[in-house]
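Enquirer: Got a predicted structure here, sequence first:
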Amino acid sequence: MLSIHLHNIIIYAHHGIYEEEKILGNEFELNITIQYTPHKLPVKHMADTIDYVAVYELLKRRMAVPTPLLETVITDIAGQILEQFSLAENVAISIRKILPPVSQLKGSVGVSFEMNRK
C-alpha cells in the first residue's frame, strides 16, 4: 500500500458554533493520509497516483464553506476524497482549531476521522 501525505496544512476559515468564530475566523491545521494500492510499480506517471495538489485544492474549497461543526467538515472532506480519487482506498484526516475561543484554554482542539472505501 502506498500513502500520500499532506501534513501541517494551515487554512484560515470561519468554522464554529460561536458568532465570533463565524465573524473573525480561525486558523485550522489539517493532516491527511490517503492510502492506495498502485496498479504497478514503480509508479512513473501522474495518472497512476493521487495528485496531492488536487487534494489541496479540494481542502481549500471545502474549508471555505463556513460550517458550525468540525465533525461535519472532516467527514465531508473524507467522502469527497474517496469520491474524487478512484484510487483512494483509505483516508485518515485530522483538523485542529489552533486558537479555540475557550477561556483559559492553553492549547488547541480538534477532531480526527478515518474512512475506508469498503
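Expert: Received, thanks. These numbers come from a predicted model, not from an experiment.
Enquirer: Tell me who's in contact with residue 75.
Expert: For residue 75, the set of contacting residues under the criterion of CB atoms under 8 Å, 6 or more residues apart in numbering consists of 113, 115. Quick note: C-beta positions are derived from backbone N, CA and C, even for glycine.
Enquirer: State the number of residues packed around the nearest residue to residue 99 once chain neighbours are set aside.
Expert: Taking CB to CB, 6 or more residues apart in numbering, and ignoring the residues beside it in sequence, residue 99 has residue 26 as its nearest neighbour in space, at 5.9 Å. With neighbours defined by other CB atoms under 10 Å, the count for residue 26 comes to 18.
Enquirer: Go ahead and confirm residue 26 touches residue 98.
Expert: Yes: counting by CB atoms under 8 Å, residue 26 does reach residue 98; the two are 6.6 Å apart.
Enquirer: element containing the nearest residue to residue 108 once chain neighbours are set aside, please.
Expert: In space, and not counting its chain neighbours, residue 108 is closest to residue 96: 4.9 Å by CB to CB, 6+ apart. When secondary structure is defined by DSSP states H and E, residue 96 falls within strand 90-97.
Enquirer: Least confident secondary structure element in this protein?
Expert: Taking mean pLDDT, DSSP states H and E as the measure, helix 19-24 is the helix or strand of the chain with the lowest mean score, a mean of 86.
Enquirer: Thank you, goodbye.
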